[in-house]
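Undergrad: Task: produce atomic coordinates for the following.
(2 chains)
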Amino acid sequence: MQFFKKLNLIAAVSILTVGTAHAVEPTPVDWFNAGYQTVFNAKRLIANNRHAKNVILFIGDGMGVSTITASRIYDGQTKGGHGEENSLSFEKLPYLALSKTYSVDQQTPDSAPTMTAMVTGVKTIGDSLSVNQYVVHSEKNANIINANKLATILEQAKQHGLSAGIVSTARITHATPAATYAHTANRDWEGDSDKLAGATVPDIAAQLVDFNISGGIDVALGGGRTRFIPNTVKDPEYGVSGKRKDGRNLTVDWTTKHRNARYVWNQAGFDAIDPNTTDHLLGLFEPSHVHYEADRVAYDQSGEPSLTQMTTKAIDILKKNQKGYFLMVEGGRIDHAHHSGNAYRALTETQQFAAAVKAAMDATDPLETLIIVTADHSHVFTIGGYPQRGNPILGLTQGVGATTPDLDLLGLPYTTLNYANGTGYTGASNAQPAGSKTFTIPATAGWASGSEGHNPTSFQPANGRPILDSAKVEDDNYLQEAIVPLSAETHAAEDVAIFAGGPKAHLFHGILEQNVIYHVMAEALGFN
Amino acid sequence: MKISDFLKIVMAVGFITFSLPVFADTVSDSDQPLSEVACRYEMKVTSFSTPKPKALFTTAWFFWRKPNMIQTQDADGDHGEIWERTANGSIQYRKLYHIDKTAVEYMPTDMPANNMKFDWFKLSGMLSKEELNTLKLIKIKSVLGRNAELRKGNINGQALEVLWLPNENLPASIIRKDKKSRMELRLIDITPLSVSAKKPVALEEISDYRHIDAADFGDMENDPFVKKLMSAEGHHHH
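TA: Numbering: from 1, shown residues only, chains lettered A, B, ... in the order given. Take a look at the predicted model:
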């Protein structure tokens, strides 16, 4: 009897967490049992007080709670289920807390001080990377930077003999990955040509390659090639010039400075890397950020690995160190898609991010590896209305029992997903006519290039709302409506989630300052 | 010139010259040699949305063409655009803000997301081969001492009248009109680039500009240049 009861519980939990297109709807007993099972499991949860051998910090850039919820539903619906019952990989981690993301000078922060808080344990001011709040913005003097720099968890890991890696879909010199290894008071000084004249602080790309603790960074995979190659050298994929003016080719420096080092820039080169014989891997797969996951396979002309593939390769290289490793993985383009006001790409980026977390969970032992999944900040992305269960998350809101979409007080349908501000405002912009906006160039466009999507610099007041239909709003390039017209959608100030599993993961509880994340990692690795 | 005026021009030029999406299936002309020229165009836009036609604006701009580079610039020299074709056929596009010594890049990575692929012939001559073929040849004329084909037709519901210079592969004029507006682009001056008094900004000079990836605008809300660019138009209600 006990055996059958256990089976029933498993079945109920399965129904509530997996969801299939024609899954039998849970009965009241199923709901009850699934809830009970959750508590039963929670009671058996034992805090892992061991020190962590490895720490993997996953950052969904801009992945606020609403993004997680919408992505969970989208992911479930792409699997054929209602969606709401689905769980992204990291939602199954046992411990959860909320993170207060404000910086020393910002109520709504940018990625530089938030990542600095997470990897140094200290909050700082906007745009600053791993330097304290007393350094003025764009400080040029390297001596002042050095005097005020904050030790990062990646640096400490290397000092303790661990290996260290960074993976991102953004430029590897972008704020989030850069905060782990660079110290500068301007996040935009990614290459030497980006710096102010007279600045003696090294650029971020140079800091990555010149990182000299215990043999240097072991793995760095992402985008941002042009900041690594001189302006006399052409990009291997597109033929555009590099951006460095100091003559340095940092991709060459990488392979000459490090032992058993390789540099790759496309899928073929990446696939050819044998983790057993490669100790230092630099992979730069685009001149700037890599492709959105939604576009990657179809459009990248030389091929580039997914975030999941990069994560797996990084772990395979790093795990050779018996002392352990620190790895940071960023889903960097969730943020970009939101800034563009395009929910589809934000959700598909999050879906891929969750796949990368799953790959890491599968490749590691939870007894010895602390996995943390969080965001640096949120976005003004909302899930509204009263859609029925299973309503397409990208679709028009349609209420329980309704056969047609719900209407607003103007008599017009509306979507479940919207933005509080940004590019989807429906007044005429300088780039697109009045009505719904699209990420792609419209057939009757007036914009010369069209390559930037909808990047308006002006709007006229909207006259009412546009008439929407399912085909329009469920198109991959649809920009959800925004209330406040802005040239780019903005970050949001509400707390973000921290999911964790593994050694010391139980230290995440309640509502925490964002810089606590560092202290848990340091505690787990025995650095305190 | 104000940024807002510049953007009007870009829009207008786009309306006249890039009304068809430049998709991958457009004719490739990578082997076509085109002469190096320096041109000055004038643009006039008239609105028909009021009872009496209303001239919205008239402006002038420069156009320079090399085998692998197209560059435009407003008459004041404040702003421009540049397209460069690389050895492997990729096209790099940047908007140029000369006063700020800043170039805004639109990366190849983000072009597929926008269903966009540049057609070098169209960039070089402002009309695609498909558009030209759609227009009916009416007669041969002489414009600025050069042979010109008068072509007319309808594209995307708009009447289009083009004076095409077949030897130069450039329009001497394009008139595009619909119920709402009439836009006229007119060639004022054309000379070989080598003898032109007005030159494009040198690539070496542009390479010294600060470069910003357009995808980063959302994360650069505190950057003085981005702030200026956005606020220049953002407060302005037409």
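Undergrad: Point me to the residue of the stretch 301-450 of chain A nearest chain B.
TA: Per C-beta to the nearest C-beta, residue A:339 is where the stretch 301-450 of chain A lies closest to chain B, at 2.7 Å. No exception for glycine: its C-beta is placed from N, CA and C like everyone else's.
Undergrad: Next up, the contacts around that residue.
TA: When contacts are counted by C-beta atoms under 8 Å, 6 or more residues apart in numbering or on different chains, residue A:339 touches A:62, A:379, A:422, A:488-490, B:215, B:217-219.
Undergrad: What sits closest to it if chain neighbours are left out?
TA: Leaving aside its sequence neighbours, residue A:339 sits nearest to residue B:218 (C-beta to C-beta, 6 or more residues apart in numbering or on different chains; 2.7 Å).
Undergrad: on that earlier part again, which of the contacts of residue A:339 lies at the shortest distance from residue A:267?
TA: Distance to residue A:267, by C-beta to C-beta, is smallest for residue B:215 among those, at 21.5 Å.
Undergrad: was I right about that closest one contacting residue A:336?
TA: Yes. Assessed by C-beta atoms under 8 Å, residue B:215 is found in contact with residue A:336 at 5.4 Å.
Undergrad: Mutual contacts of those two, please.
TA: residue A:289.
Undergrad: Tell me the pLDDT of residue A:78.
TA: Residue A:78 carries a pLDDT value of 96.
Undergrad: ok, it - how many residues close by?
TA: Here the count is done by other C-beta atoms under 10 Å in any protein chain shown, and residue A:78 has 14 residues near it.
Undergrad: and if you look at residue B:91?
TA: The tally of other residues near residue B:91 (other C-beta under 10 Å) stands at 22.
Undergrad: The nearest residue to it once chain neighbours are set aside in helix, strand or coil?
TA: Of all residues not flanking residue B:91 in the chain, residue B:118 sits nearest, at 4.3 Å (C-beta to C-beta, 6+ apart). What DSSP: H, G, I helix; E, B strand; the rest coil gives for residue B:118 is coil.
Undergrad: Let me know how buried residue B:118 is, in neighbour terms.
TA: 24.
Undergrad: all helices of chain B, in order?
TA: B:3-17, B:120-125, B:129-134, B:203-207, B:224-234 (DSSP state H).
Undergrad: List the pairing partners of the longest strand seen in chain A within its sheet, with orientation.
TA: In chain A, assigned by DSSP state E, the strand with the most residues is strand A:163-171. According to DSSP bridges, strand A:163-171 forms sheet pairs with strand A:219-223 (parallel), strand A:325-331 (parallel).
Undergrad: interface residues of the stretch 201-350 of chain A facing chain B?
TA: Applying C-beta under 8 Å from any C-beta of the partner chain, we find that the stretch 201-350 of chain A lies next to chain B at A:223, A:231, A:234-235, A:237-241, A:243, A:286-292, A:294-295, A:298-301, A:335-336, A:338-340, A:345.
Undergrad: Can I have the buried ones of those as a ChimeraX selection?
TA: Here is the ChimeraX command that selects the buried residues among these (16 or more other C-beta atoms under 10 Å in any protein chain shown):
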select /A:223,231,235,237,238,239,240,241,243,286,287,288,289,290,291,292,294,295,299,300,335,336,338,339,340,345
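Undergrad: Tell me which entries of the residues of the stretch 201-350 of chain A next to chain B lie within strands.
TA: residue A:223.
Undergrad: out of the residues of the stretch 201-350 of chain A next to chain B, which are inside helices?
TA: Counted as lying in helices by DSSP H, out of these, are A:294-295, A:298-299, A:335-336, A:338-339, A:345.
Undergrad: follow-up on the earlier one: what's the burial count for the residue nearest to residue A:339?
TA: Counted with other C-beta under 10 Å, residue B:218 comes out at 27.
Undergrad: Surely it touches residue A:455?
TA: No. Here residue B:218 lies out of contact with residue A:455, judged by C-beta under 8 Å, at a distance of 9.5 Å.
Undergrad: any common contacting residues for these two?
TA: Residues touching both residue B:218 and residue A:455 by C-beta under 8 Å, 6+ apart: residue A:488.
Undergrad: right, and residue A:276 touches residue A:313 too?
TA: No. Contact status for residue A:276 versus residue A:313: not in contact, 11.8 Å apart, counting by C-beta under 8 Å.
Undergrad: Show me which of these two is the more surrounded one.
TA: Between residue A:276 and residue A:313, residue A:313 has the larger neighbour count (other C-beta under 10 Å), namely 23 against 9.
Undergrad: If anything else comes up later, I'll come back, but that's it for now.
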